[in-house]
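Undergrad: predicted coordinates and the sequence they were generated for:
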Amino acid sequence: MWGKVVRCGDFYLSLPNNDGGRQTMRFLGNIEAKIDSKGRAFLPASFRKELQAAGDDCLVMRKDIFQPCLVLYPASVWNAQMDALRSRLNRWDSTHQAVFRQFVADAETVTLDANGRFLISKRHIEAAGIEQAVRFIGMDDTIEIWSDRRADESFMEQEDFAKTLESLMKTEPADADTQGGGQQGGNR
């Protein structure tokens, strides 16, 4: 598995990952599904396969901070985010503690049954405006769950998307370690 990306002159090189062979998860897709009357949904098979290949069998769900959707984090991704957040916060600062408390209070552990189903709590169904039809959107290392009627609202207009992406890709990466591997540097 390839991992860390470093800059070498005008080139970016991808170095082997030294994580004990753990596979990096990449969830891709926009998959329509339904929840049943009890609030259960099937995690799409492609996402289940990705979790199994990475050896992650536990998920954490919370309401997204910015959008009216839910986010499923594989446990390894959740733990890394918790470590990153905690490292920026001071336990002895009441505002920092309030931010941390609010972030974790909305989270709950999700387990898949033998059929690949999981339960979405009523509070999360209401927070995301989910009725019956949902959309699972793979977001690299997390999975978003949207109400089917709200999912399209979250996307940018095509012209705005193209201009923004062009602008982002023309600039020098802020941190080469987080960029894709083996790419040559472009015109700078």
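TA: Now that the structure is in, tell me what you want to look at. Numbers count the residues shown, from 1 in each chain.
Undergrad: continuing past the least confident helix or strand in the chain by mean pLDDT, what's the next helix or strand?
TA: None of the helices or strands of the chain scores lower by mean pLDDT, DSSP states H and E than strand 11-16, at a mean of 44. Using DSSP states H and E, the helix or strand that follows strand 11-16 in sequence is strand 30-34.
Undergrad: sheet-wise, list the partners of that next one with their directions.
TA: Each strand that pairs with strand 30-34, with its direction, by DSSP bridges: strand 133-139 (antiparallel).
Undergrad: tell me the average confidence for the partner strand?
TA: What strand 133-139 shows for mean pLDDT is 94.
Undergrad: elements contacting the next helix or strand after that strand?
TA: Where DSSP H and E defines the elements, the next helix or strand beyond strand 133-139 is strand 142-147. Judged by 3 or more CB pairs under 8 Å, 6 or more residues apart in numbering; DSSP states H and E, strand 142-147 is in contact with strand 70-74, strand 133-139. Just so you know, the C-beta spots here come from the backbone N, C-alpha and C atoms, and that holds for glycine as well.
Undergrad: dump those into CSV; add distance to Arg150 and mean neighbour count as well.
TA: Converted to CSV, the helices and strands packed on strand 142-147 look like this (distance: least, CB to CB, whole Å; neighbours: other CB atoms under 10 Å):
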stretch, distance to Arg150, mean neighbour count
strand 70-74, 11, 23
strand 133-139, 9, 20
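Undergrad: if I look at the residue most central in space within the chain, how far off is Leu112?
TA: Per CA atoms, centre = their mean, the C-alpha nearest to the average position across the chain is that of Thr142, at 2.2 Å. Thr142 sits 16 Å away from Leu112, going by CB to CB, to the nearest Å.
Undergrad: so where is the chain shaky, pLDDT-wise?
TA: 1-23, 154, 172-188 (pLDDT under 70).
Undergrad: just the helices in it please.
TA: With DSSP state H as the criterion, the chain has helices at 45-54, 75-88, 94-105, 122-127, 148-151, 158-170.
Undergrad: distance check, Ala33 against Ala80.
TA: From Ala33 to Ala80 the distance is 27 Å (CB to CB).
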